[in-house]
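Enquirer: One predicted model, sequence on top.
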Amino acid sequence: MADRMTYLRADGLRGRGWSDGMVRALLGWPDVQGRDPRRWSVAPVRLYLLARVEAVERSPEFARCAEAGPGAAARAAAERRRQAVLAAVRAEPVRVPVLPVPELERRAARHRRVPAGAGPEAAAGPPGAAARGPSGAPRARTRPPGDPVARVGPPGALVRWQVDYLRHALSRYDVLLDGLHGGVGRAEAERLLHRRLLEAVAAAYPHLAAECRRRLR
């Protein structure tokens, strides 16, 4: 067992004015964790290095948490998580699957008929290059008469379905929101991610840009 004069247990921290929330927010993981050989306990003993505790106690953040009351440390930790998630959403490169437009239309029509909860189809397109416009993005094509994909729904439905399919294919980016739960912070991060994904779809498929802009209004 580590030297008790060098380390503090949770009860020692409470005696110095620390709440459990302040310990989690300002100290994080214990420096030593183990079993006390002199007593039986289900919970492991958590020890915090005294020098580290004293350094945090001299920080402005500790003073603010102590003055603001028991919930301040938890709020500070939640704000740090919110800022970290927003920074990750802003920085993460968004890679949109690039498919020939007829293939994207077929996949979108099939996806529309897949039961809810089914996984997205593999994003890789079939062999062969997509027809592209001057910017290098896939070019929209007019469907030949009698093509079944051209009759899948009311006017504009196929465009909406393509955006739905691509957004579903990009659902892997939702993991960026892990660690945020209900409330303003979660809603803000969801809006930012929604905007970034739709802007990426619009850049990759110019013929879908108007529908993406409509969804961002």
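Expert: It's in. All figures in this text were calculated on a predicted structure; none of them were measured in a lab. Numbers count the residues shown, from 1 in each chain.

Enquirer: which sections of the protein are below the confidence cut-off?
Expert: 1-5, 35-43, 69-74, 114-155, 179, 181-184 (pLDDT under 70).

Enquirer: ok, 50 please
Expert: 1-4, 115-131, 145-146, 148, 150 (pLDDT under 50).

Enquirer: Strands of this protein, start to end?
Expert: Taking DSSP state E to define them, one finds strands in the chain at 7-8, 32-34, 45-49.

Enquirer: can you put these in CSV and add mean neighbour count and distance to Asp20?
Expert: Quick note: C-beta positions are derived from backbone N, CA and C, even for glycine. Formatted as CSV, the strands of the chain follow (neighbours: other CB atoms under 10 Å; distance: least, CB to CB, whole Å):
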stretch, mean neighbour count, distance to Asp20
strand 7-8, 22, 14
strand 32-34, 12, 16
strand 45-49, 19, 11
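
Enquirer: just so I know, which of those lies nearest Arg82?
Expert: Comparison of those against Arg82 by CB to CB identifies strand 45-49 as nearest, at 25.9 Å.

Enquirer: Which elements pack onto that closest one?
Expert: strand 7-8, strand 32-34 (3 or more CB pairs under 8 Å, 6 or more residues apart in numbering; DSSP states H and E).

Enquirer: how about the residue nearest to Leu197 when sequence neighbours are not counted, what does it touch?
Expert: Nearest non-adjacent residue to Leu197, counting by CB to CB, 6 or more residues apart in numbering: Leu170, 5.1 Å away. Going by CB atoms under 8 Å, 6 or more residues apart in numbering, Leu170 touches 94, 96, 197, 200-201.

Enquirer: ok so, going back, out of the helices and strands packed on strand 45-49, flag the one nearest Ala189.
Expert: The nearest among the helices and strands packed on strand 45-49, by CB to CB, is strand 32-34 at 31.9 Å.

Enquirer: Can you give the strand pairings for the closest one, parallel or anti for each?
Expert: Partner strands and pairing direction for strand 32-34 (DSSP bridges) are strand 45-49 (antiparallel).

Enquirer: Restrict the strand it pairs with to CA atoms and write it as CSV.
Expert: Taking Å, rounded to 0.1, in the frame of the first residue of the first chain, the C-alpha atoms of strand 45-49 are listed here in CSV:
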residue,chain,number,x,y,z
VAL,A,45,-9.1,2.1,-2.4
ARG,A,46,-8.4,5.3,-4.5
LEU,A,47,-5.4,7.4,-3.6
TYR,A,48,-4.5,10.8,-4.9
LEU,A,49,-1.0,12.1,-4.8
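
Enquirer: wait, Phe62 sits on Met22?
Expert: Yes. In this structure, Phe62 is within contact of Met22 by CB atoms under 8 Å, at 7.4 Å.

Enquirer: So for these two, which sits in the more crowded spot?
Expert: Met22 (23 against 20; other CB atoms under 10 Å).

Enquirer: Any figure for the gap between the more buried one and Val94?
Expert: Distance of Met22 to Val94, computed by CB to CB, to the nearest Å: 38 Å.

Enquirer: What of Val56?
Expert: 38 Å.

Enquirer: how close does Leu193 get to Ala203?
Expert: 16 Å.
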